[in-house]
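Q: Everything below, folded, please.
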Amino acid sequence: MTAQFLDRDRPVSLLRDHMAGYGYQLLETPVVGDASLFLTRAGDRMISRLFTFGRGGRELALRPEFTSQAARHYVRGNFCGVQRWQFAGQVFEESPQGASRACQKFSFGAELFGLKGPAADAEIMALALTSLQELDLSNWRLVVGHIGLMRQMLAQFALDERTERFLINNLRNLRQHGTDHVLQLFEARLAGATESTSLTPLLSAETVDETALAQLLRTSLHGTAMGGRDHRDIARRMLRKRQRMSERDQVARAMELLHRLCQLSLPADLAFAALTEITPEEARPILHDWQENLALLGSYGLSPERIVIQPDLARDRDYYSGMVFEIHGADGRHLGGGGRYDELLVFMGAPEPVPAVGFACWLESLDAARSATPAVKSWSILLDGNNSFAATRLAQLLRSGGLPAELGNVLQADSLVTDADGGVRWRGQVFSLDEPTRLLEALRRV
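A: Here you go, the predicted model:
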């Protein structure tokens, strides 16, 4: 364990200094906390993988991420205005191999509270990507979605919150398996009346309300509560299920819209042109802000060619409410991600939503991605007894231009050959060391 942490010293120090340059101060949080904190607006995957244990009559958990702790710290500390915090440390989840074992990863990232608008979203994405570049991983791909836009598009169908969350959480299923499959999941998980099959006929009456259904429950169940819940709780749940079943046609129409969105996985300019055609007028401001957000990444020197818009992108946690993103390596490996989660702080006790956006990446994934990255081509420069000065000058020219170069005394198939006067021959072409731009451009195209 000691060796592992020693190996982290240099990258963590580089990251800490890099994020401090953006104004982010270190926030340290405990490794163990109340399980309820990490379950606040958690997605199904997080709930199933949370490593919990009992102690002193409390249900505790090893932290699976830093965002919930940072949000609670902001609320309980009565902070106001803009706060920028960075973090680095171990996070844990239950091992797939056994319920009594925990997997651990080393996570780093940042949280930005109190700053509205596209500039805040762009700052977090840029901070994540430049942090990777600080660790010599520059071959990344950014995939961006927008939960807020999805919700605004779903608003026209007047679905209840749980149905809406179900649809958003199943965007990946919708893309992979189609609308019929997700509609079956909806009927099985949300719309089925599962409390008691003996009450199913009672639910067919159009006029049964909460009070009447509670009375029916008392009559049919002889005054016995179910699972520790009173009759009114059961009545509310059964009525909600009946209402969801009555909304089946609306849910089906909503899925058709989402399915169209799931077909989009395009570069930003093409994706936004397609989104504009199907985005209702009331959602256009969100779309405009999203476009501005991504355009701002150019101010950080980040290439738009590496950005893909994927509207069906959905993160593992339910607290995201706006822009969401994931970062992938050249081999497709998931390196990290994040997004906007303004509503989470309300669940932590804030009187109203607080602008909040953050990201997290994992050092183990970065290490693996670097190992999987093909070696950068190193240019061979032929060295003979008469061209030492010119060959050395050429090698330094290439290195300063970001192209690795080696001096050698064996002529290879793709060697650069220079003479004492500064002429450079390569693939039948002739270049000059006094005018290096054309040579560098030619080599970079290889």
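Q: use CA for all of it now, contacts and neighbours both
A: Fine.
Q: I figured V357 hits G114, correct?
A: No: using Cα atoms under 8 Å, V357 makes no contact with G114, being 9.1 Å away.
Q: Compare those two (neighbour count), which wins?
A: Neighbours per residue, other Cα atoms under 10 Å: of V357 and G114, the larger number sits with V357, 29 against 18.
Q: Is the more buried one bridged to anything, and to what?
A: L112, R340 (DSSP bridges).
Q: Next, the contact list for it, please.
A: Applying Cα atoms under 8 Å, 6 or more residues apart in numbering to V357 gives the contacts E111, L112, F113, A120, D121, I124, G338, G339, R340, Y341, D342.
Q: would TSV of the residues you listed with pLDDT, neighbour count and distance to L264 be doable?
A: Putting the contacts of V357 into TSV (pLDDT from 0 to 100; neighbours: other Cα atoms under 10 Å; distance: Cα to Cα, whole Å) gives the following:
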residue	pLDDT	neighbour count	distance to L264
E111	98	25	29
L112	98	24	29
F113	98	25	31
A120	97	21	25
D121	97	29	21
I124	98	23	24
G338	97	27	20
G339	96	27	19
R340	97	27	21
Y341	95	26	24
D342	95	21	26
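Q: which among those residues gets closest to R41?
A: Using Cα to Cα, Y341 comes nearest to R41 of those, at 10.4 Å.
Q: Identify the nearest residue to that closest one in space, disregarding sequence-adjacent positions?
A: Y320 (4.3 Å; Cα to Cα, 6 or more residues apart in numbering).
Q: now the spatially closest residue to D434 that is not a sequence neighbour: how far from N139?
A: Using Cα to Cα, 6+ apart and skipping residues adjacent in sequence, the residue nearest D434 is G422, 7.5 Å away. Counting by Cα to Cα, to the nearest Å, the gap from G422 to N139 is 34 Å.
Q: Could you check which of those two is surrounded by more residues?
A: Counted by other Cα under 10 Å, G422 and N139 do not tie: G422 has more neighbours, with 18 against 15.
Q: Pull up the gap between that one and L443, please.
A: Following Cα to Cα, the distance that separates G422 from L443 is 17 Å.
Q: list the contacts for the closest residue to A271 other than its chain neighbours?
A: Using Cα to Cα, 6+ apart and skipping the chain neighbours, the partner closest in space to A271 is I309 (6.2 Å). Counting by Cα under 8 Å, 6+ apart, I309 touches V143, V144, G145, L264, S265, L266, P267, A268, A271.
Q: What's opposite I309 in the beta bridge?
A: V144, L266.
Q: Next one, pLDDT for it please.
A: Looking at I309, its pLDDT reads 91.
Q: The one 5 residues further on now?
A: Each residue has a pLDDT score; the one for A314 is 74.
Q: Please tell me how far the residue nearest the centre of the chain sits from A120.
A: Taking Cα atoms, centre = their mean as the criterion, G337 is the residue nearest the geometric centre of the chain, at 3.0 Å. Computed as Cα to Cα, the G337 to A120 distance reads 15 Å.
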